[in-house]
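Student: below are the sequence and a predicted model; questions follow.
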Amino acid sequence: MGSWGRLMLASSVVLLAGCTPTTSGAAPTAGSATTASAATACAARVETGSLPDWADAGFSGDARVPHVFGAKGDIVAVLFAHPLRQVRTDGSNNKILWVARAATTSPDPTAPATLVITARRDGTDTRVIREVAGGPGPSIIDLPQAGCWRLDLRWSGHTDTMDLVYAP
């Protein structure tokens, strides 16, 4: 095989490797879907870099805390307990500070301010609803099982989604 053929083969391998689905470092959970819904695998991406300017009020210096952005980037979950756990035996809790990006358009004045979280466990029909009174802010969000959870978030006429992983 000539150098051109080796180059084409190497390029094909690199392209195929880039098409392999990942779970962003999250381990697959028992009961995770392995068929057609695998395309919606857990996309929980816990970041540890600086919080964006719009989310760092109340933090000092270079605020580097674990956080997860919503898919649209309209909300961030600041994780004071990382990893989140289904059962916490150390006396701590699953404290999450929800920070919404300031809207460029007026929110729907008829929409409730409460942050409503509809959580669905990946690969199952398990669904729970949690509410944060007054809208995005501090909360304790416990979920009934370990695994990857897809959160649909609604507040003041806004919506976003994110995945969070709860360890056993």
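Tutor: Yes, it's here.

Student: name the SS class of residue 54, please.
Tutor: At residue 54, secondary structure determined by DSSP: H, G, I helix; E, B strand; the rest coil is helix.

Student: how much space separates it from residue 99?
Tutor: In this structure, residue 54 and residue 99 are separated by 8 Å, where distance is defined by C-beta to C-beta, to the nearest Å. All C-beta spots, glycine's among them, are computed from the backbone N, C-alpha and C.

Student: and those two? Which one has more around it.
Tutor: Here residue 54 and residue 99 are compared on neighbour count by other C-beta atoms under 10 Å; more neighbours surround residue 99, at 19 against 12.

Student: and that one, bridged to which residues?
Tutor: On DSSP bridges, the residues paired with residue 99 through beta bridges are residue 76.

Student: wait, it touches residue 55, no?
Tutor: Yes: in terms of C-beta atoms under 8 Å, residue 99 counts as a neighbour of residue 55; the distance is 4.2 Å.

Student: now do the shared contacts for these two.
Tutor: 76, 78 (C-beta atoms under 8 Å, 6 or more residues apart in numbering).

Student: which residues of the chain fall in strands?
Tutor: Using DSSP state E, the strands assigned to the chain run over residues 67-69, 75-79, 84-85, 95-100, 115-121, 127-132, 138-140, 147-155, 158-167.

Student: measure how the second one sits relative to strand 115-121, angle-wise.
Tutor: Using axes from the mean of the first three to the mean of the last three C-alpha atoms, to 10 degrees, one finds that strand 75-79 and strand 115-121 are set 70 degrees apart in direction.

Student: and strand 75-79, what does it pack onto?
Tutor: Contact partners of strand 75-79 among helices and strands, from 3 or more C-beta pairs under 8 Å, 6 or more residues apart in numbering; DSSP states H and E: strand 67-69, strand 95-100, strand 158-167.

Student: can you show me the CA trace of it as PDB?
Tutor: Extracted C-alpha coordinates of strand 75-79, given in PDB (Å, rounded to 0.1, in the frame of the first residue of the first chain):
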ATOM      1  CA  ILE A  75     -29.500  27.700  33.400                       C
ATOM      2  CA  VAL A  76     -26.600  26.200  35.300                       C
ATOM      3  CA  ALA A  77     -26.800  23.700  38.200                       C
ATOM      4  CA  VAL A  78     -24.000  24.500  40.700                       C
ATOM      5  CA  LEU A  79     -23.300  21.200  42.500                       C
END
